[in-house]
Every structure is written in structure tokens, then in C-alpha cells.
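Undergrad: Dropping the sequence and predicted coords here.
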Number of protein chains: 2
Amino acid sequence: MSTIAKALGLLDLFCDAQPRLGLSDVQRLVGRDKATVHRHLVALEQAGFLEQDAGTRAYRLGPALTRLAGMRARTVPEVEMVRSVIGGLSREAGELVHISRLQGFDLVHVHHAEEHDHPVRVSFDAFGLPPLFATASGKAYLAFSPGGLLDLALADPRTSLPGTSVPDRREIETELKQIARLGYARNRDTLRLGVSSVAIPVFDGASRAFATCSIAYPTGRGGKGTEARLARLLMQRGQDITEAMGGVVPPQILDLWTPSRERAAS
Amino acid sequence: MSTIAKALGLLDLFCDAQPRLGLSDVQRLVGRDKATVHRHLVALEQAGFLEQDAGTRAYRLGPALTRLAGMRARTVPEVEMVRSVIGGLSREAGELVHISRLQGFDLVHVHHAEEHDHPVRVSFDAFGLPPLFATASGKAYLAFSPGGLLDLALADPRTSLPGTSVPDRREIETELKQIARLGYARNRDTLRLGVSSVAIPVFDGASRAFATCSIAYPTGRGGKGTEARLARLLMQRGQDITEAMGGVVPPQILDLWTPSRERAAS
DNA sequence: GATGTTGGTTCAAATAATGAACCATGAGAT
DNA sequence: ATCTCATGGTTCATTATTTGAACCAACATC
């Protein structure tokens, strides 16, 4: 393991739960020698990636990160940022990933990634614009948005299209509450037979849901644990996706997605 | 020089002028061996600090920066971020630095830093609330804000306070244009005899000026080059200051502040 | 004042970084 | 078609940097 990797790895220790860490804290968390850790911390501090509180001598994330992140935001177009994140997610999940953005009252496709080699795959297809509550993405969006939107979605003329059963408002509201509790939405065969999916919302700079990211997979694949596994992967990347699109995940959602990242001392 | 510092130093090469660099580019810029540079780039990429374009194989700043910057923004209060930046600036400049924020039609003090050891110093003092066009800070603010504000400032009742001469609108407008061209505002003895200052605007998240940062110094100090030197220091840190307060510097101002950071190949 | 923290330093030993030489590929130029 | 130059990337013996046990000083607790 390169020293560079070791040093940079230290930055990941600074999480929401513990944003300030002293030398001993870091030493305990990574298990390396104190002298080594100290020199890494100093090197990071001199580069501006950490800064040290003059009073408590604790370290926290430094200004260089803000500077470089700003540089990236200015120079790397959103498309490429999103591509790199969902590309990685698709590789991890082994399934089709796609991102839709709200336009009017519909979620329209903006990006997708398909980096896997299963013989059976869900083919991507912009299959019309189904009503919001009929897709995992739509439900993910509704569950994390102001209440009034559901009424508008229910008033959607496509609600009564042939083949789609008229939805029950109560039932939907119950499901949306469950989604808000779980952190992700799901769909099993409801829109296209044999196709299931899980979805999470994407937030904008003001922490409002404005898009969604979903993973679609053949319902049969992988048995019972599949949905949970994919949902977990999706939620783990939730922050990266939102940030790639220039947004900020509300703290309470972040807790839902990346719980117990605490590294309590033993 | 530690390997960590060498590797992290590579990140600074990615600037607005050249956001994508190939292995050879980086190698030329830093002058180190190609193999070394390559391994550093790979290490940075694996940690997410860089990412490589699959097509061109060029490197660009990576998603980990956005993630960590977000973490910092959430966990480190603005006060401390600002303090660390202007503290450094005060050390570099050897003079009093302070930041004011617009409140109503006045710039009120929010932070200051005074880390120097000159025997003669400008003492900090919240000397009332002078009209905007009488201070370097106020002029810096006006010069980078929508035009209508000048009228409001001129209508300020304090304009006709004893001792302050009634300002000429034409004259002020000319000066504001000059400030917008130079990138910074200045004041020499106009408000307090023996005290001069230079100032720049601070921008919010929507790139609107909402505060200012200024350096105050005894007019006599350091001869003729002083103003230029301090202004240069101030503008160099302009981006850091705005970003520490959660804002974004408009690109055209950024060009003014950090020009020709290009590192052209010889 | 004994004891356990904390942040930080030292210096011989060990490991990881280094760089000259080496590939493979692609773009122009002849 | 081939020669050349540039590119990104790799190898491996040499070297220099990183490493960590022991050590120090300051502070808090018992």
C-alpha cells in the first residue's frame, strides 16, 4: 500500500459523526503507528487538506478541499461527473443504472450506464412516460417531495390508461411513508413484467429532490436478497450521485443512507 | 519533501486554464520522472482525487474532492473556515484584515484577523457606519453589484455628515468602473487620516457580492509598492475567501484575480 | 506525587519510492 | 507504406524515504 493511499485514507475518517479528530483518535482508528500517523497528518495539513485547531490541536478537513472541489465543479461538466459515478455503480451492481430528471410532471431520462455482462439483461428503453406512482423512480421522487405533488400526479390523465389499474390514494400514501422511512423505493413487475427496480432521489443545491437514480434488474435474478443488496449499493452511492449533480443531501436522509459510519473507540 | 506532498502538489496543476492533463503534461510541469509521476497519478486516481477519461486517458480532478468538500461544509462552521483563511492572509500581508457583510445598506463587521508584529499598526475599531462610497470595502461592494445601489447609497442621510464632503456622482461612477477593471478597490486617508486600505468583494452561492474583505495599513508604511503588493495578496486569496463563506466567484472576476496561471509547455 | 492521557520527536532498521531503460500504440510526415 | 515522434504505461535494481519502538513534555485525574 502506497504512503499516498494511506495518507489520503485518513481523510475518510472525518465523517459527520466525528468531524474533528486528534492524533490519538486517528491513530486508534487506523491502527498504524503514532509517529507515522502524525507525519501523514502534518503532510496533509501543509497541503491544506486538513487544518488544525490552534486550541484543541484537533484536526479537521481543510480549505484546499473546498478550493479543488470548486475547481472541479467549474471545469468538469456535470455529464462527465455523473457518468463516472453511475458507471462505477453499474459495475458494482452488475445491472442497468439510470438517472431521470423531473421535467414538468414527468421524469425524463438523462443518463444511463450499463456495465455488466449478465446474459440476461434489462434492456434500456424510454418506454413512454408512465405516471409517477407507477415506477420506483417516481415513487422515490414523490416520497421525498412536498405533499401536494401526489395530488397532481393522481390527476394525471395517463392514470386511467388501459392496463394500469386506478390507484388507491390511501395505499400509495402508505407506501410513500414506508419509502421515506427505508430511504429507497422499489417496484416488482408492476410496470413491465419480469422487470424490478430500486430507486432513490437526487437532491439539488437547496436539498430538494429534483431527479432520481434507479437500478433495474430482471425480477428472477439472484433470489430474495437481490433487492436489499442493490438498494444498499444505491444508497451507499446516493451522496456521490447528488453531489455529482451539484446538490446537497439533507442530513436526515444521509443518516438513512449511510448509517453507523461511526467508528467508536473500542 | 514527502511523497505525500509531491503527490498532493500535482492536484494544484489542474487549473481553469488546463483542467485536463495527460501523463506527459504533468511530467513536464513538475519535472519529476515519468514513472514517479505516473504512480502518483494512479494513487490519486484510486483514492478518487483524480479520474481518468477513458477515451483520451487525460486526468482531471475527481469526485472525492466534491465529497470531502461537502463534508467539510457540513461539519466545519463558516466562522472557522473564514478565520483560517483571513488568518493566513493577515500573516502574509502583515496587516489587519477584516471582513464585513452587507446588512441593510451598511457593511457591518463580521470577522477580523490581526497577525503581525509591526510596531505601528492600524487599530481595529468599529468606527460607526460610514457611507458605502467612503470606504474601500463599500466601493468594492458597489463596483461589483447592480447599478441601482449607488443611488440608494448616495441618498444615505449620513452623506452630509460634517467633515465628509458631498460626493460627486460622476466621479464616483468613474472610480467604480476602474475598480471593476482592476479587481480591487482602494482608499488613501479619505476616512481616517494615516489609514489606507484595499478591498475586494466576497460573493455568495449565486455569485452575487454580499460581503467584502479588506486589508488596512498605515499609509506611510512601505512606500509606493505597498498598495499593489497588498492588493495582489488580497486578490490571490479572493477565491479562498469567497469559498470559505460558501460562495462562488464569477469566472470573469476570477480571471482578474488569478490571471495567467497557465503553465504553458516550454 | 503517582498514573494515564494527550500531542509530538528521535534514529536505526526496513520498506517503499525512485528512475533509466524498455514496450506498445497512435498520429503525422516523408 | 514506413519512418519518426509523441503518447501512456511498465519493469527492476538501487536508493532514499518511510517506518515504529522508545522517548519527551504538558496536562488532567486519582
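TA: Yes, it's here. Residues are numbered from 1 along each chain as shown, chains lettered A, B, ... in the order given.
Undergrad: all contacts plus neighbour counts: C-alpha atoms, from now on.
TA: Fine.
Undergrad: show me what contacts residue A:197?
TA: A:136, A:186, A:187, A:188, A:214, A:215, A:216, A:217, A:227 (Cα atoms under 8 Å, 6 or more residues apart in numbering or on different chains).
Undergrad: at 6 Å instead, please
TA: Contacts of residue A:197 were listed using Cα atoms under 6 Å, 6 or more residues apart in numbering or on different chains, and they are A:186, A:187, A:215, A:216.
Undergrad: I'd assumed it was in a strand, is it?
TA: Yes: assessed with DSSP: H, G, I helix; E, B strand; the rest coil, residue A:197 lies in a strand.
Undergrad: Excluding sequence neighbours, find me the nearest residue to it.
TA: Leaving aside its sequence neighbours, residue A:197 sits nearest to residue A:216 (Cα to Cα, 6 or more residues apart in numbering or on different chains; 4.2 Å).
Undergrad: quick one on the thing from earlier: quickly name whichever of the contacts of residue A:197 is closest to residue B:204.
TA: Residue B:204 lies nearest to residue A:215 out of the contacts of residue A:197, by Cα to Cα, at 36.1 Å.
Undergrad: any idea how far the closest one lies from DNA strand C?
TA: 33 Å (Cα to the nearest atom of the strand, to the nearest Å).
Undergrad: Quick check: phi and psi on that residue?
TA: phi -110, psi 130 (degrees, to the nearest 10).
Undergrad: In this structure it contacts residue A:198, no?
TA: Yes: assessed by Cα atoms under 6 Å, residue A:215 is found in contact with residue A:198 at 5.5 Å.
Undergrad: more crowded one of the two?
TA: residue A:215 (31 against 27; other Cα atoms under 10 Å in any protein chain shown).
Undergrad: hang on, the earlier thing: out of the contacts of residue A:197, which comes closest to DNA strand D?
TA: Minimum distance to DNA strand D across these is 29.4 Å, recorded for residue A:215 (Cα to the nearest atom of the strand).
Undergrad: which residue sits closest to the closest one in space, ignoring its chain neighbours?
TA: Nearest one to residue A:215, counting by Cα to Cα, 6+ apart, is residue A:97 at 4.5 Å.
Undergrad: so the one you found sits in a strand?
TA: Yes: Residue A:97 forms part of a strand when assessed by three-state DSSP.
Undergrad: Give me the neighbour count for it.
TA: By other Cα under 10 Å, neighbour count at residue A:97 equals 27.
Undergrad: Okay, and the beta partners of it?
TA: residue A:113, residue A:215 (DSSP bridges).
Undergrad: ok, back up a step: list the contacts of the residue nearest to residue A:197.
TA: Contacts of residue A:216 by Cα under 6 Å, 6+ apart are A:96, A:196, A:197.
Undergrad: the strands in the stretch 151-266 of chain A, which residues?
TA: A:185-188, A:195-203, A:209-218 (DSSP state E, counting those that start in this stretch).
Undergrad: could I get those strands as a markdown table with mean pLDDT?
TA: As requested, those are exported to a markdown table (pLDDT from 0 to 100):
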| stretch | mean pLDDT |
| --- | --- |
| strand A:185-188 | 92 |
| strand A:195-203 | 94 |
| strand A:209-218 | 92 |
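Undergrad: out of those strands, nearest to residue B:246?
TA: Across those, closest to residue B:246 is strand A:195-203 (Cα to Cα), at 17.9 Å.
Undergrad: Pairing partners for the closest one, with directions?
TA: Counting by DSSP bridges, strand A:195-203 is paired with strand A:185-188 (antiparallel), strand A:209-218 (antiparallel).
Undergrad: just to revisit the earlier point, check the gap between the residue nearest to residue A:197 and chain B for me.
TA: Between residue A:216 and chain B the computed distance is 24 Å (Cα to the nearest Cα, to the nearest Å).
Undergrad: any idea how far that residue is from residue A:259?
TA: 24 Å (Cα to Cα, to the nearest Å).
Undergrad: Could you do residue A:145 as well?
TA: 22 Å.
Undergrad: Compare neighbour counts for these two and give me the winner.
TA: Ranked by neighbour count (other Cα under 10 Å), residue A:145 and residue A:259 place residue A:145 first, with 16 against 11.
Undergrad: tell me which element the more buried one is part of?
TA: For residue A:145, there is no helix or strand it lies in under DSSP states H and E.
Undergrad: next one: phi and psi at it?
TA: The phi/psi pair for residue A:145 (degrees, to the nearest 10) is phi -120, psi 160.
Undergrad: if I pick it, what's in contact with it?
TA: For residue A:145, counting by Cα under 6 Å, 6+ apart, there are no contacting residues.
Undergrad: Let's see the pLDDT reported for it.
TA: For residue A:145, the pLDDT comes out at 89.
Undergrad: Residue nearest the middle of chain A, spatially speaking?
TA: Chain A has residue A:238 as the residue nearest its centroid, 0.7 Å off, counting by Cα atoms, centre = their mean.
Undergrad: Check it and give its pLDDT.
TA: 93.
Undergrad: Against residue B:257, how distant is it?
TA: From residue A:238 to residue B:257 the distance is 36 Å (Cα to Cα).
Undergrad: Please apply the same query to residue A:182.
TA: 47 Å.
Undergrad: Among these two, which residue is more densely surrounded?
TA: Taking other Cα under 10 Å, residue A:182 and residue B:257 do not tie; residue B:257 has more neighbours (23 against 13).
Undergrad: Without its sequence neighbours, what residue ends up closest to residue A:4?
TA: Using Cα to Cα, 6+ apart, the nearest residue to residue A:4 is residue B:4, at 5.3 Å.
Undergrad: Helix, strand or coil: sort out that neighbour for me.
TA: helix.
Undergrad: again, but for the one 3 residues further on
TA: Secondary structure of residue B:7, reduced to three states by three-state DSSP: helix.
Undergrad: Excluding covalently adjacent residues, which one is nearest to it?
TA: residue B:40 (5.4 Å).
Undergrad: Look at the one you found and say how many residues are nearby.
TA: 21.
Undergrad: Quick check: which element contains it?
TA: helix B:34-46.
Undergrad: now check that helix, is it near DNA strand C?
TA: Yes: applying Cα under 7 Å from any atom of the strand, one finds helix B:34-46 in contact with DNA strand C at B:34, B:35, B:36, B:40.
Undergrad: in terms of contact, does the last one touch residue B:5 like I think?
TA: Pointing back at residue B:40 there. No: here residue B:40 does not reach residue B:5: they are 10.6 Å apart, not a contact under Cα under 6 Å.
Undergrad: Can you tell me which of the residues of helix B:34-46 next to DNA strand C are buried?
TA: Among those, those scoring as buried are residue B:40 (criterion: 16 or more other Cα atoms under 10 Å in any protein chain shown).
Undergrad: tell me the helices in the stretch 151-266 of chain A, going along the chain?
TA: Taking DSSP state H, counting those that start in this stretch, the helices of the stretch 151-266 of chain A run over residues A:169-182, A:226-236, A:238-244, A:251-257.
Undergrad: hey, which of these is tucked in deepest?
TA: helix A:238-244 (a mean of 25; mean count of other Cα atoms under 10 Å in any protein chain shown).
Undergrad: just checking, residue A:247 touches residue A:205?
TA: Yes: Residue A:247 sits in contact with residue A:205 when judged by Cα under 6 Å, with a separation of 4.0 Å.
Undergrad: neighbour-wise, which of these two wins?
TA: Taking neighbours as other Cα under 10 Å, residue A:247 and residue A:205 compare with residue A:247 leading, 21 against 15.
Undergrad: Now the phi/psi pair for that one, please.
TA: According to degrees, to the nearest 10, residue A:247 has phi -100, psi -180.
Undergrad: I'm done for today, thanks for sticking with me.
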